[in-house]
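Student: Model the following, please.
(chains A and B)
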Amino acid sequence: MNEQSIIGSLQSRGLQAWQAKFVESFLGEGSGAFHLLTAPPGTGKVQACITIATELVAREANRILVLTSSPLCEEWRTMLSDVQLHVPVFLVTRQAYRELEASVQVGKSPLNARSIYVISQDLAKQSDFAASLLAVSWDLVIVDEAHRLIAPQRSALLARLIGAGVVRQLLLVTATPLPALEKWLHSLPGQPTGLLAPLAVTTWLGELRNWDGTIVERPRVDLKVIPYTRGNDEVSFLSKFLGLMPESENATGVNRFLIRLLIHRAASSLYAIDQSLQRLIHRLKTTDEEAEPLFGKEIMDLSGADVDLEGVEPKTQQMPFKRSDEQMSLTVVEQCLEELDRVSTDEKMNLVKCLIRSITDGQTGGVPRICIFSMYNDTVSYLHTAIKDIGIPSFKITGGVTFAERQALVGRFLRLGGVLVGTDGGLSEGIELTEVTNVIHYDLPLNPMVFEQRRGRFERYGRETSCNVYVLRDKSGVLPLESRLIESVTSQQTEEIDI
Amino acid sequence: MKSAELRVLSTSDHAEVSITELFHRINRLLPDSQEVLTVPGEMLASEALKIMRRHDYSQLPVAVGTEVLGLFSYRAFSEAVLATGACQGNVKINLGDLTVEECLEKAEFARVTDEFNYWFDTLDKRDAVLVGEANRLQGILTPMDVLRYLYSVASPFVLITEIELSLRALIRHAVSDEKLAECAQTSLITCYKPERLPKSLEEMTFHDYIQIICDGRHWPFFKSVFKGSRTRTRAKLQTMNELRNGIFHLYEVTVEDYETLATSRDWMLIRSRAAEARAKGGNA
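Tutor: Numbering: from 1, shown residues only, chains lettered A, B, ... in the order given. You can find the predicted model right below:
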C-alpha cells in the first residue's frame, strides 16, 4: 500500500488530516524507531495512537505496551477494547499480575501472550514488573503523558527497555510543548548524547490543516467573567479561616501542602472546605494503629512532597497522615468548623443557579447543554445536589467510576441536555464535549496544564459551533489565591457580564 | 464508589473474564504495596532479628537466589536456641554465631487463587503463609493481613448502621412523632400513594429522611440540630445515601469512600452530642 492509499484509508476512517499524516509517517517504510508526538489537548492524539496500534495488530504485531498514568489506564483499556482489535487488552494491576504470574511456568514472563498490555507508569517501575517487561520484546511501546518521564525513576525504566533492545518502536505522547522536554530528552540516564536519537518529533502545536488544505481555526470560545459578592457570613468565615491558617510560605513539609490544599478547597466551595475540615479532624483523632489497616501503609507514609496537588483530581485520601510537631492543631480545625457552622448563605452557588436559569430561559428550542467543571469530588456532589432544584436533567461525573460508565453518562447528557457537573478527572481524555454550548468553571486548577486539558474537552479542533465559557469572580476578594487564578486565565479584553 | 475492579477484559465482548476475582481469595488479601524481603541463609540470626525489628516484621523468608528455603521467625529462633542448648548440655554457646539457616522452620505455600479460610490453621500455627512457589515467591500472608482485610470489608456496614440509627435519633430529637407525620405528608406525598405514605421513621427510607429534613418548609425545625446551611446538609446526607446504597449493592468501597463514611459518622456523633447537651440544658 502506498502513502496515498494509506492516507485515503485513514481519511475514510474519520481521522483528521494531521492525524492521518502522522499515522502514515509512523507506519510508513523507513519510519524511525523512536517518535515523539507533542500536541495540545483537543487535537486527537489518543485517537492517532489507537489507529497506529490497530494497524500494527493488523500487521501481526505480537505485543504492544501502553504506559500511562494510573487514572488514565482504564480509559486506554476501554478505548483499545472499543476498536475490536482481535487481541486481548489487559489492564495489568498488581492483583491481575499475580494471577498471570501464577499461571505461567517459573522463569517465563507473565506478559508473554500476544496482547496489548496497559500498565500504569507507577506500577511498571516496580522491580518485578520491570523485570517482566524486560523479559519480552515489544513491537510498540506507547508512553502517554511522556512529560511524566522527567521523574528519574520513570525514565530509568524506559532507558532500560531501550537499552535491552526489546522495543521495536516507541511512541512518546504528551501535551507539553517541546522546549520543556528537550532538557529531559538529552539527559536520560547513562545516555547523555541522546538515547533516542534519531527521534522523529511531530508537533501539532502550530498551524494544522484540514483535508482541503485550509488552516484549522481553533473553535470560537467566548470567555466571560461574572462578578458576584460573597455574603457577609461567608466573607467573615473565610477571613477568620485564613487568619487561623499558618502562613503557608513559612510552613514546611506536610503543613505547607495541607494549607495550600485547604485554601484551594475553600476557594472551590464551602462544602469542599467543610468536608476537608471534617476529614482532618477525623485523621487527627485517629491513631496510626487504627488508621493503617484501612488506609494502608502507602497512604500513611505520604508526605506533602509525594502529593500531586496540581493533578487532575487531588483526592482527599492524599491528605497526608504524617504527624509532626508543626501539624495543624485540632483546636484550630475545630474553630474553623465552628465558624463554618454559622454560614448559611452561598452566593457563588446562587449565582450559578441564576446563570443556569438564564441560559435555559434564553435557549430557543430544547434543553441547553451546560457543563460545570470543578477540581473536587466534594464540590461536584454539592453542585449536583443543589442544582436539582432547577428542574432540568443533571448528571454527575467523577474519576471514581469506570471510563465506560462515564462514556455512557456523557452520552445520556448529550442526548437529553441539561447540566453535567464533573471533575477534571471524570471529564478527562477521551471525553468529547463538542456539543456543549456553555461551560462554567466553578473553580480553577492550580496547574495551567489541567486548565488546558479542560479546554481540550470542549474546544476541540474541528468544532463548528461557538461556546460560552464563564468564570466567577468574587468582588469581595477575600481569597487572594482565587483572584490570582482568575487573573491567570483572563485578560484585560475579557468581557465582564452581570446576570 | 467504584464497581468491583475487574481488570482483565476480553476484547470481543467486554466480558469481564476474571469473575473469580470477586471471591475472597488470597490474592485480594495481599496488600498491593507489599514488597517481600528475603534474607540469605548465611545471614547471622542477630542481623535478621534487627531487620525484623526495623520493619516490624514477625518473620522473614530465607532464600538462596530465588529459591525459598523456609522461614526465619522469633519462634524458629527461640526453638533453635533451645535445641542448641539441649545438644550442648550446660556448655555456654555464643548465640551471636547462629545463622538463620540454623533457625529455619518449614514454610508452606499457598496459591493466589486459594480461598483464605483454607489456611487458617496454618496461620494459627505458623503466623505466616508464603504465597507462590518455592522458586517463585509472590507474597507473604499473615493473620494481620486477614484481620485487616475482614475489618475493611465489615466496617462500612458498621458505620452505615451507626449513621442511619443516629440520623433517626436526630430526627426524633428535632420533631415529635405527630410533627414527623405532618412533615411526611408535605414532603413525601409525591413519592407515595396516599395509603402507602410512611408515617414512622422505621417505615421510611434514607431518601425519605433527606426529603423531609432538607425541605425548605421543614428546615427551621432541623437547622438547630444539623447547623450550617440546608444545601450543605442535603449534600452530606445525599453522599451518605449514595454510599449506603453502594454498600448494600456490594460495590467495592474505596479508601476515599471509607473516609467519607467515617467522617460522616463522626459528624453525626458531634451533632448527637450537641443535641443531647442542649436537651440537658447545656450551651452546645
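Student: what helix or strand does residue 267 sit in?
Tutor: All of this is about chain A. Using DSSP states H and E, the element containing residue A:267 is helix A:253-268.
Student: My question was about chain B, not that one.
Tutor: Assigned by DSSP H and E, residue B:267 falls within helix B:255-279.
Student: buried stuff in that helix?
Tutor: Buried residues in helix B:255-279, counted by 16 or more other C-beta atoms under 10 Å in any protein chain shown: B:255-268, B:271-272, B:274-275. From N, CA and C alone the C-beta is placed, and that goes for glycine too.
Student: again, but for stretch A:223-235
Tutor: Quick answer for stretch A:223-235 (16+ other C-beta under 10 Å): A:223, A:226, A:228, A:229, A:230, A:231, A:233, A:234, A:235.
Student: so for that stretch, what's the average pLDDT?
Tutor: Average pLDDT, stretch A:223-235: 95.
Student: mind checking how far that stretch is from the chain centre?
Tutor: Centre-to-centre, stretch A:223-235 and its host chain are 27 Å apart (C-alpha atoms, centre = their mean, to the nearest Å).
Student: ends of it, how far apart?
Tutor: In stretch A:223-235, first residue to last residue: 26 Å (C-alpha to C-alpha, to the nearest Å).
Student: Looking at chain B, which helix is longest?
Tutor: helix B:143-174 (DSSP state H).
Student: I'd like to know which elements that helix is packed against.
Tutor: Where contact means 3 or more C-beta pairs under 8 Å, 6 or more residues apart in numbering or on different chains; DSSP states H and E, helix B:143-174 is packed against helix A:288-300, helix B:26-29, helix B:120-126, helix B:206-213, helix B:219-226, helix B:230-248, helix B:255-279.
Student: In the following helix or strand past the second one, which residues are buried?
Tutor: Which is helix B:26-29. Using DSSP H and E, the helix or strand that follows helix B:26-29 towards the C-terminus is helix B:45-55. Across helix B:45-55, burial judged by 16+ other C-beta under 10 Å covers B:45, B:48, B:49, B:52.
Student: which one among the residues you listed gets closest to chain A?
Tutor: Each of the buried residues of helix B:45-55 was scored against chain A by C-beta to the nearest C-beta, and residue B:52 proved nearest at 16.2 Å.
Student: Quick check: closest non-adjacent residue to the closest one.
Tutor: Closest residue to residue B:52 apart from its sequence neighbours, by C-beta to C-beta, 6 or more residues apart in numbering or on different chains: residue B:60 at 6.2 Å.
Student: Provide the secondary structure category for the one you found.
Tutor: With DSSP: H, G, I helix; E, B strand; the rest coil as the basis, residue B:60 sits in strand.
Student: Quick check, it in contact with residue B:39.
Tutor: Yes: using C-beta atoms under 8 Å, residue B:60 is in contact with residue B:39, at 5.1 Å.
Student: Show me the common contact partners of these two, please.
Tutor: Residues touching both residue B:60 and residue B:39 (C-beta atoms under 8 Å, 6 or more residues apart in numbering or on different chains): B:48, B:51, B:72, B:100.
Student: Am I right that the third one is in a helix?
Tutor: Yep, that's residue B:72 we're talking about. No: assigned with three-state DSSP, residue B:72 falls outside any helix and is strand.
Student: pLDDT at it, what is it?
Tutor: On the pLDDT scale, residue B:72 is placed at 96.
Student: what's the burial count for residue 25?
Tutor: Just going to use chain A. When neighbours are counted by other C-beta atoms under 10 Å in any protein chain shown, residue A:25 registers 16.
Student: oops, I was thinking of chain B
Tutor: By the measure other C-beta under 10 Å, the count of residues near residue B:25 is 20.
Student: Same check on the one 10 residues further on?
Tutor: The local packing count at residue B:35 equals 9, with neighbours defined by other C-beta under 10 Å.
Student: need the contact list for it.
Tutor: residue A:126.
Student: Would you mind measuring from it to residue A:127?
Tutor: Separation of residue B:35 from residue A:127 (C-beta to C-beta, to the nearest Å) stands at 8 Å.
Student: Enumerate every residue touching the closest residue in space to residue B:166 that isn't next to it in sequence.
Tutor: In space, and not counting its chain neighbours, residue B:166 is closest to residue B:268: 4.3 Å by C-beta to C-beta, 6+ apart. If a contact means C-beta under 8 Å, 6+ apart, then residue B:268 has B:162, B:163, B:166, B:167, B:170 as its contacts.
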